[in-house]
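In: Sequence plus predicted model, see below.
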Amino acid sequence: MGLFNRLRRRRPGAGPRPADNADEAHLREWAASRRGVEAFVEPRTTVTATTVVLVAHDGEWTRRRVDGPDAARKFAKKLRMPIYDVALVGYPKRMRDYDAKQKILRERDRRRQLGGD
């Protein structure tokens, strides 16, 4: 059986995996253990479900599926956190800075493991 046969046999209308209780539990626990958390809604695409990115004060972030933009807004309202549409405002600079810093730290650790520094 070829690859295209397997793809054709998918259920009609089967898209990305929907959000579940584990996704929401992760988001709740993550937000509770950090300060200054804001939510950013990412729109659904043909490949991914609607997601929400939580970003802490220092730029650390996490992403999980949600059941649409309304569910994301309801989640943020329950936790009393600001929520933004990433398509309108983009990602916060602190998130990009955090990723850049983590990349530098991983590279430094890799060099140390290889006996570099």
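Out: Arrived safely, thanks for sending. Residues are numbered from 1 along each chain as shown.
In: just how off-centre is stretch 44-51 within its chain?
Out: Centroid separation for stretch 44-51 versus its chain: 11 Å, with CA atoms, centre = their mean, to the nearest Å.
In: For that stretch, give me every contacting residue.
Out: 15-19, 41-43, 63-69, 71-72 (CB atoms under 8 Å, 6 or more residues apart in numbering). Every residue, glycine included, has its C-beta placed from N, CA and C.
In: cool, stretch 81-98 as well?
Out: So stretch 81-98 is contacted by 31, 37-43, 52-55, 57-61, 69, 72-73, 76-77 (CB under 8 Å, 6+ apart).
In: still on that earlier bit, now, of the contacts of stretch 44-51, which are buried?
Out: For these, a burial check counting by 16 or more other CB atoms under 10 Å picks out 19, 41-42, 63-69, 71-72.
In: May I have the predicted confidence score for F4?
Out: Listed pLDDT for F4 reads 50.
In: So which residue is smack in the middle of this structure?
Out: Against the mean C-alpha coordinate of the chain, by CA atoms, centre = their mean, the closest residue is R63 at 1.6 Å.
In: part of a helix, is it?
Out: No - counting by DSSP: H, G, I helix; E, B strand; the rest coil, R63 falls outside a helix, being strand.
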